[in-house]
Every structure is written in structure tokens, then in C-alpha cells.
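Engineer: what would the 3D arrangement of this be:
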Amino acid sequence: MAKRNIPVVDLSKFVKGNAEERASFVKELGRAFHEIGFVGVVNHGIPKDLIEDYYKSSKAFFGLPVDLKRKYEVPGLAGQRGYTSFGKEHAKQSEVADLKEFFQLGQEVSDGDEIKSEYPDNVTVDEVPAFSQKGRELYQAFEKAGAELLRAIAIYLDLGEDYFDAKIHNGNSILRSIHYPPITKEPESAIRAEQHEDINLITLLVGASAGGLQLLTMDNEWVPIVPEENEIVINVGDMLQRLTNNYLKSTTHRVVNPPKELWHLPRLSIPFFLHPRATMDLTCLDKCVTAEQPLVYEPITAGEYLNERLREIGLKK
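Structural biologist: Residues are numbered from 1 along each chain as shown. Below is the predicted model:
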């Protein structure tokens, strides 16, 4: 059995547990986010068949001819909706594009919230109707699980359980289906996804179809993350790190190329980037600023921060 490099927690203990189980979950999750920035979650409530259906329809979409996929690429949207073709995105410190293509779904507002005007419409793929349908269902399931995890973190930070609720309601979250095609020739120093940190509050990743995900430990060592079956991997994003003045860690991670004998295998990965509303204030929490940990960041809103980062990774001009 592969060595576990990240702890695992059981979300049902928080959602359905008694006071003691809830308290223990909060402590375990908080410690993982503070010490490692990554955690595996079981009993997360995201239906297995929904995940499988979305994988299947993602595969069908990425299997379409390139010129067909390109008609779902929306100019001027910085890749926030629809398709982004191969070689467009790079890590902020790298000039070499990652070896991937992807498709993004965003928030669909159904309760009359005026924030709706800020979000572009999702792109529906005519050739694979299930891709859009299952994507929407998966998006909502991820939102639900993500909201529970943030409630636990709010308790851990002593902010009151509902601290994040209104901030993430109709938030700017993104479901991204990423396809790393088979590698056919020696890559020019590029790997499937160069080392980076995520921009958002937290990321929920459902098991990839092939290995390759690695995180950088505090000892500056790359270690593989190999989730068990039915486990999702959660990591802290830069917005949560910023809010907590680096108390919760947004850990550097990457997706490396497989050994040469496995180059022929594509890799499919489905992360959900949980974002708040653009107006959320990311000013560091007073309680996270101490003599030992002086203030690191200037005040900024989530929307301003997102735009800054999208420019850095080449998606926004």
C-alpha cells in the first residue's frame, strides 16, 4: 500500500456527528490545514455514480476533434467558462505552458441574486449533453461539501460556524475538467502542470484517472498524493492563506509526467475551485496577526486578487 502523505478525515462526523465527533473533526481538519495544507476526505456526500458519469462525459468531450472543441472556446473570458485549448495556461513563475487542455463551468444563479449579472453564462456542449448536465449536478454537490468544510474551518478559527456562509453564497466557484493528453515526444521541460498554488479559498479534487499529483513539504521535498478510492483531496488556496495571515497553508503542488512506459496514458482530473463572492474582504484576520507572526498582506478583495492572479498565469491579458 502506498504511504499516506496526507491525513484523512471523515466529513460525516462533522455533518451528522455528535458534539464530540464534530469537535474532533474540526481539530483534525484545522491541524491538517495549518501543518500541511492538504487533507483527504471520506464520506463527503458526493455520489460516486455522479463522479463516474462526469468522468465518462469529460472523456467523451476531450475525445472530440480539436476544431470541434475550439468552437467552445470563448474569447475574452480568460478561460472562466467553456474550453481552453492545449498550452494556454502556465504557472506564474514559468514561461512554459502546461501540458493540458480544460473546460470550465461556473456559478448559475437561480435565486434572483443580482450578482448574476457578474457571471457569464455556462457553455453547453451540443455533442455531449451529459457533460453539461452532470457538470452542473457535480458543481452543486461540491458546493455543498465545500460549505461544510468551511464551516468546520470557521469554528477552528473561532469565527462562528456561519462566517463563510454568506461570503460563498453564489460565489465565483469553478468546476474544471482537465485533460492531460498522452505524451508523444520528449516534452520541452514542460510537465503536465508546473508547481503552483491555487488562487481560491479551498480546492476539492476528485481522484484523477492517473497518478502524478505531488505536494512540496515544509522540508522542501516533493511527495506523491495518492488518494484511496472514494476519497477527495482538499487543499487550502491562497485566499484562505491570505485571510489567515499564513496560519493556514496554501501548499505548492504540481502534476508530474508519468514514467516513460506510461506516457501513452492520458490523465483526467476534476478539481472544484471554491471561490467566494468578489466582494469578500481578504484583509488578514486580527486574531492571526501576532508578535510572532506579523502582518504579511495588504488588504484586498477576492475579486481584485483573482484578477491579479489570472493575469500572472497568462489567462487574462
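
Engineer: which SSE is I234 in?
Structural biologist: strand 232-236 (DSSP states H and E).

Engineer: gap between the nearest residue to I225 once chain neighbours are set aside and K116?
Structural biologist: Once flanking residues are discounted, I225 sits nearest to L213: 4.7 Å by CB to CB, 6 or more residues apart in numbering. Quick note: C-beta positions are derived from backbone N, CA and C, even for glycine. L213 sits 34 Å away from K116, going by CB to CB, to the nearest Å.

Engineer: those two: who's more crowded?
Structural biologist: L213 (23 against 14; other CB atoms under 10 Å).

Engineer: where in the stretch 101-250 of the chain is pLDDT low?
Structural biologist: 187-193, 207-211 (pLDDT under 70).

Engineer: that older thread, which residues does the strand holding I234 contact?
Structural biologist: The contact list for strand 232-236, computed with CB atoms under 8 Å, 6 or more residues apart in numbering, reads 6, 33, 37-41, 44, 46, 145, 149, 198, 202-207, 213, 215, 225, 227, 248-251, 253.

Engineer: now do the helix or strand following it: everything it contacts.
Structural biologist: In the C-terminal direction, the helix or strand that comes right after strand 232-236 (DSSP H and E) is helix 238-243. Residues outside helix 238-243 that contact it (CB under 8 Å, 6+ apart): 33, 37, 153, 197-202, 248-250, 275-276, 280, 282-285, 288, 297, 300, 302, 305, 309.

Engineer: please point out which parts of helix 238-243 sit buried.
Structural biologist: Under the neighbour-count criterion of 16 or more other CB atoms under 10 Å, helix 238-243 has D238, M239, L240, Q241, R242, L243 buried.

Engineer: pLDDT wise, what is F273 at?
Structural biologist: As predicted, F273 sits at a pLDDT of 96.

Engineer: hmm, it is touching R176, no?
Structural biologist: Yes: contact status for F273 versus R176: in contact at 6.7 Å, counting by CB atoms under 8 Å.

Engineer: those two: who's more crowded?
Structural biologist: Neighbour totals were compared for F273 and R176, and F273 leads with 22 against 19 (other CB under 10 Å).

Engineer: next, the angle from the helix or strand containing that one to strand 232-236.
Structural biologist: Secondary structure from DSSP H and E places F273 in strand 267-274. Interaxial angle, strand 267-274 versus strand 232-236 (axes from the mean of the first three to the mean of the last three CA atoms, to 10 degrees): 50 degrees.

Engineer: quick one: strand 267-274 to chain centroid distance?
Structural biologist: Here strand 267-274 is found 6 Å from its chain centre; the criterion is CA atoms, centre = their mean, to the nearest Å.
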